[in-house]
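Peer 1: test case, fold it:
(chains A and B, ligands or ions: 3)
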Protein chains: 2
Amino acid sequence: MPFLEDLQNQIMFFDGAMGTMLQQAGLQAGEKPEEWNFTHPETIQEIHTAYLRAGCRILSSNTFGANSIKMGERAGEAVARGVALARQAVARWGRPNCYVACDIGPTGKLLQPIGDLSFQDAYDTFAQMVRAGEKAGADLILLETFSDTLEIKAALLAAKENSKLPVAATMIFDAQGKLLTGADIPGVVALLEGLGADAIGMNCGLGPDQFEMLLPAFLEYSSLPVIVNPNAGMPRTENGQTVFDVPPETYAASMERMARRGARLLGGCCGTTPAHLEAMVKICRDLPPLPVIQKKQTLVSSYSKTVEIGEKPVIIGERINPTGKKLMKQALREKDLTYVVREGLMQKDHGAHILDVNVGLPEIDEKEMMDRVLFELQSVIDLPLQIDSSSPRVLESALRAYNGKAMVNSVSGKRESMEAVFPLVAKYGGVVVALTLDENGIPETAEGRLAIAEKIVRTAASYGIQPKDIVVDALTMTVSSATDAAKVTLEAVGLIKEKLGVRTILGVSNVSFGLPQREILNAGFYTLALYRGLDAAIINPASEAMMRAYYGYLALMGLDTNFDAYINKFSQAETPVPAVQSANQAASL
Amino acid sequence: MPFLEDLQNQIMFFDGAMGTMLQQAGLQAGEKPEEWNFTHPETIQEIHTAYLRAGCRILSSNTFGANSIKMGERAGEAVARGVALARQAVARWGRPNCYVACDIGPTGKLLQPIGDLSFQDAYDTFAQMVRAGEKAGADLILLETFSDTLEIKAALLAAKENSKLPVAATMIFDAQGKLLTGADIPGVVALLEGLGADAIGMNCGLGPDQFEMLLPAFLEYSSLPVIVNPNAGMPRTENGQTVFDVPPETYAASMERMARRGARLLGGCCGTTPAHLEAMVKICRDLPPLPVIQKKQTLVSSYSKTVEIGEKPVIIGERINPTGKKLMKQALREKDLTYVVREGLMQKDHGAHILDVNVGLPEIDEKEMMDRVLFELQSVIDLPLQIDSSSPRVLESALRAYNGKAMVNSVSGKRESMEAVFPLVAKYGGVVVALTLDENGIPETAEGRLAIAEKIVRTAASYGIQPKDIVVDALTMTVSSATDAAKVTLEAVGLIKEKLGVRTILGVSNVSFGLPQREILNAGFYTLALYRGLDAAIINPASEAMMRAYYGYLALMGLDTNFDAYINKFSQAETPVPAVQSANQAASL
Ligand SMILES: [Zn+2]
Ligand SMILES: [Zn+2]
Ligand SMILES: [Zn+2]
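Peer 2: Numbers count the residues shown, from 1 in each chain, chains lettered A, B, ... in the order given. Ligands and ions are numbered 1, 2, ... in the order given. Next up, the predicted model:
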């Protein structure tokens, strides 16, 4: 596709505001801009042409709110006309490599669980717009001004499943780089990349100055070209009119600085005019595009929290799992979701960063239960979740509805497993736990487990899944059945980290199966695994022994700045005494 | 010295029984054999000559009991005459490379604390014999039939300090390879080697069959030529006469097997006759001598217990040390040794393998206190001790009186320290703790500490101290004063083990200085240090957290056969459930 080709090696220019221009042309407050596709087609075309003349290369169709929720049955036609008007403007302009983006904004309604709109209804609304836009000749889909990750997920899925068009997606952040829901830039990047967007970024809400403050976070995490479409400053009301203060030259200078830092798609939102865009294009046209670099961070997220795996060791709560847990079994059988949510909250309170969610019981409908449990958990708890099921059907349904980038537990080295799970991860995004076992069972040596991990990573690549989205589980075996079980697993963790550079995970407690006072062994093994480079552990955060091992390890290894976490956890208002003469006895000899 | 040269590349033959021959010649019960040096010199010479004729190369003088305790003022003359008679027999025999050993047996009295004889009085008694023997022309000193490690230590020190003669030393074991006091062969080997014996082994008590059972232990641990001088079987009383049943050919066959396994000095004790020795020499004379190999075990011992450092991690109790301990300070000031001993017993009960003993307080006489504390501890507690003092004077006095092979805490890489401590270790034996610091302080890097350890090992070698007798302390620094303190120490432990192959030790608790709930950090650091190869840790064995870390580590790493220690420590009569399907969840995918 020419648009995607251009994107690879050029700086691309979006247009500026449509609404601002329409207001200048006489659009009344309360009047829907998209109605003008029917009533003032020439005005729309003139605005498009003005942006083309300014040097813009991507026109956003006047279809931002042309959805069935706002426009009812006229929505489809409004999209079709809006895209057609932009298409015609490009055709008349006559120069090559100018593109039409079918512009899609949020529905204006809140999604469940916060609001009433169901995920599926949102999806259907966007799907209609996407189909109409593609049919009318759009070159790409532009999702813009979204503030809810779940809504943009519905829109992005709708775009991917109902057209072949590339998708650019931008969200609206506050000056701290947060969405309204609290989600941060790394989490947004992880979500949109995982769902297959082609370019991502921010638009609206802030002026170019603030965008400059937020851009580094995008560039640090994004492996996709980054879009910056700011307003012409922060809006201000003057004589009942909304005014934007940043003049074209100032705007252009700010955009140039962002281009030089690595932004690859530049445009404007509210308050920007062809004059802003012209000044910008003039100054940025001949800048060399910086290459888009593949990033390595392993990120999972919820609707408001992002967890990076590989920075500091991560705790994954193991308690939402019926295996060996009588009360959890009973709760699932009786659909007592309160109990399940309480176990989640308890684990959060004890310091879990992610919660594993496994509802597999032979006597219940696992898919239905997983969907319900995830919905309830995400209504109350802001931690990222690890969807834990051996059924691809359960995984797909859960991954589709999950608000964020989930962990997926798990895939193995078996061909059947990889063929079932990798397409889901490739489509919905996610960080997948890779078990080092295959058709021949679990290798008894560290090298054998490395070989399976290598096979999984290689196969994942053929699905477009990068190593950063694979967390390898070298499998904790039971010492009471093989004395070198712990040794081999620890060695495998070290080897896999060293040779493959992927993140690692272990369920810890299996090591002590069949022995008394299991926490002693679990805690010792956990400490050693952390030392070998374990990035995430599935444990019970309510276990005092495990949390002592965890916080003790962080403090010992310099991963707990100022010992804040350690002291907070283990003392009441005690502060460290400065230890001037450590090893004092030794030194006195 | 020709004797030592011969020893290097030949199998050497001691003679057989003197007492048995004298009885055959008419010695009456109750009559002192050494009196015959005065009354029947020709008989003594005839016996010597008979053994020379049988092919023996080392004659033991008839001086076994010629000490001042048994013979009063006649002792010196009895030794002189006994050695002279053997000397004359060798001279008349006229062949080269025949030697006279001044034979010295135990005093017959028990040493303190079990008996009345002081260490110094025992030493003086042996010193007189040694001086008389050397003056009369002995080629070596033979200490034989000792059953108490402290008494043979007095004799060996007397031999080394009062003559320039080589020393051969043999003790009397039971069929289980134990001395009367309970000491085992590795401990005896460690003690005698440490004190500078030239050949060591066993004599008397058992027949050659039993010696064959015990020889492997000697050969496994000894870096010196091993002596086997068995009786002609187990003694039996027949018609009021002591009878030995093993005939010469059987005896010789057994001795041949031992020579083929590696025994390097062969002879006989009670019940053996020139006929036994002749048969033995005939069959063994042309056997190729097996090389004496330097062994690598790091051994410390008390009067009855031996601890190998480097096999399983060793716990050294830290509680007998006034630093930071108010009650211990008070006890030492008030000379309340009961308190000190109680702390020792408490640590033993909790699982300590060795006890550190530090009594350094500015306001007390450290040397006197150390001597008293060691004496009291060794009267009650059978664990090996670690003598912990920064004063060479205190160390020497303690090392001299200590019953066993002690740990010495410590030497550093400072020239002054090495020049003061290494001569003591070289003379008295011992395993010395080497702190990786020198005139420039404590290096901040693992490589820097390795370099100091290497310097210490190299310098020790110039004193004749082998790497096996050095345990390197890479120095636990305080994390609250440097965040990478623990990391560097752990790395140093690993590096020093890998590059130098020496044992390692750490005092653990310094890591947590200044932070709350120090046991959490101590236990975590201990677990990690064990994983990096720590061989010994100076800790508080009464700390539940530390012992959980210790036993947990052993169980996890396959160092606790059948989990016996773990289960014994942590459960009442629980046994492990066989875990057939470990990682069962994983395998079911
Ligand atoms: Zn805007
Ligand atoms: Zn806009
Ligand atoms: Zn004997």
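
Peer 1: name the helices or strands packed onto the biggest helix by length in chain A?
Peer 2: Counting by DSSP state H, the longest helix found in chain A is helix A:75-93. If you count contacts as 3 or more C-beta pairs under 8 Å, 6 or more residues apart in numbering or on different chains; DSSP states H and E, helix A:75-93 packs onto helix A:36-39, helix A:41-53, strand A:58-60, helix A:68-71, strand A:99-104, helix A:119-135. Where you see a C-beta, it was placed from the backbone N, CA and C, and this is true even at glycine.

Peer 1: now render these as JSON lines, adding distance to chain B and mean pLDDT.
Peer 2: JSON lines is the format used below for the helices and strands packed on helix A:75-93 (distance: least, C-beta to the nearest C-beta, whole Å; pLDDT from 0 to 100):
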{"stretch": "helix A:36-39", "distance to chain B": "53", "mean pLDDT": "97"}
{"stretch": "helix A:41-53", "distance to chain B": "54", "mean pLDDT": "98"}
{"stretch": "strand A:58-60", "distance to chain B": "46", "mean pLDDT": "98"}
{"stretch": "helix A:68-71", "distance to chain B": "42", "mean pLDDT": "96"}
{"stretch": "strand A:99-104", "distance to chain B": "39", "mean pLDDT": "98"}
{"stretch": "helix A:119-135", "distance to chain B": "28", "mean pLDDT": "98"}
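
Peer 1: in JSON lines, list these along with distance to ligand 3 and mean neighbour count.
Peer 2: What follows is the helices and strands packed on helix A:75-93, written out as JSON lines (distance: least, C-beta to the ion, whole Å; neighbours: other C-beta atoms under 10 Å in any protein chain shown):
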{"stretch": "helix A:36-39", "distance to ligand 3": "119", "mean neighbour count": "18"}
{"stretch": "helix A:41-53", "distance to ligand 3": "114", "mean neighbour count": "20"}
{"stretch": "strand A:58-60", "distance to ligand 3": "106", "mean neighbour count": "28"}
{"stretch": "helix A:68-71", "distance to ligand 3": "109", "mean neighbour count": "17"}
{"stretch": "strand A:99-104", "distance to ligand 3": "105", "mean neighbour count": "29"}
{"stretch": "helix A:119-135", "distance to ligand 3": "96", "mean neighbour count": "21"}
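
Peer 1: so which bits of the stretch 201-350 of chain A are right by ligand 1?
Peer 2: A:Cys204, A:Cys269, A:Cys270 (C-beta under 5 Å from the ion).

Peer 1: beyond the strand or helix carrying A:Glu249, next helix or strand please.
Peer 2: Using DSSP states H and E, A:Glu249 sits in helix A:248-261. Next helix or strand after helix A:248-261 toward the C-terminus (DSSP H and E): strand A:265-266.

Peer 1: residues in contact with that following strand: which ones?
Peer 2: Residues from elsewhere that reach strand A:265-266, judged by C-beta atoms under 8 Å, 6 or more residues apart in numbering or on different chains: A:7, A:11-14, A:58, A:168, A:199, A:201, A:225-229, A:255, A:258-259, A:280, A:284.

Peer 1: where do the helices sit along the stretch 451-589 of chain A?
Peer 2: A:485-500, A:518-531, A:544-556, A:564-570, A:584-587 (DSSP state H, counting those that start in this stretch).

Peer 1: which of the ones you listed sits most buried?
Peer 2: helix A:518-531 (a mean of 26; mean count of other C-beta atoms under 10 Å in any protein chain shown).

Peer 1: so for that helix, mean pLDDT?
Peer 2: When pLDDT is averaged over helix A:518-531, the result is 98.

Peer 1: next one: that helix to chain centre, how far?
Peer 2: 32 Å (C-alpha atoms, centre = their mean, to the nearest Å).

Peer 1: can you list the domains in chain A?
Peer 2: Domain segmentation of chain A under automatic domain parsing yields A:2-284, A:298-570.

Peer 1: what about the first one, start to end distance?
Peer 2: For domain A:2-284, the separation between the terminal residues is 21 Å (C-alpha to C-alpha, to the nearest Å).

Peer 1: also the shortest one?
Peer 2: Between the opening and closing residues of domain A:298-570 there is a gap of 30 Å (C-alpha to C-alpha).

Peer 1: quick check, the residue in the stretch 201-350 of chain A closest to ligand 3?
Peer 2: Minimum separation of the stretch 201-350 of chain A from ligand 3 (C-beta to the ion) falls at A:Pro313, amounting to 66.1 Å.

Peer 1: no, scratch that, I was asking about chain A
Peer 2: Closest point on chain A to ligand 3, by C-beta to the ion, is A:Thr483, at 45.8 Å.

Peer 1: hang on, isn't that residue packed against B:Gly558?
Peer 2: Yes - taking contacts as C-beta atoms under 8 Å, A:Thr483 lies within contact range of B:Gly558: 3.5 Å.

Peer 1: sorry, back to before: so who does the nearest residue to the residue of the stretch 201-350 of chain A closest to ligand 3 once chain neighbours are set aside touch?
Peer 2: Leaving out its chain neighbours, the residue that sits closest to A:Pro313 by C-beta to C-beta, 6 or more residues apart in numbering or on different chains is A:Leu530, at 5.5 Å. Contacts for A:Leu530 (C-beta under 8 Å, 6+ apart) come out as A:Pro313, A:Ala537, A:Ala549, A:Tyr550, A:Tyr553, A:Met557.

Peer 1: report how many residues lie close to the last one.
Peer 2: Summarising burial for A:Met557: neighbours were counted as other C-beta atoms under 10 Å in any protein chain shown, giving 21.

Peer 1: do I have it right that it meets B:Ala486?
Peer 2: Yes - using C-beta under 8 Å, A:Met557 is in contact with B:Ala486, at 6.7 Å.
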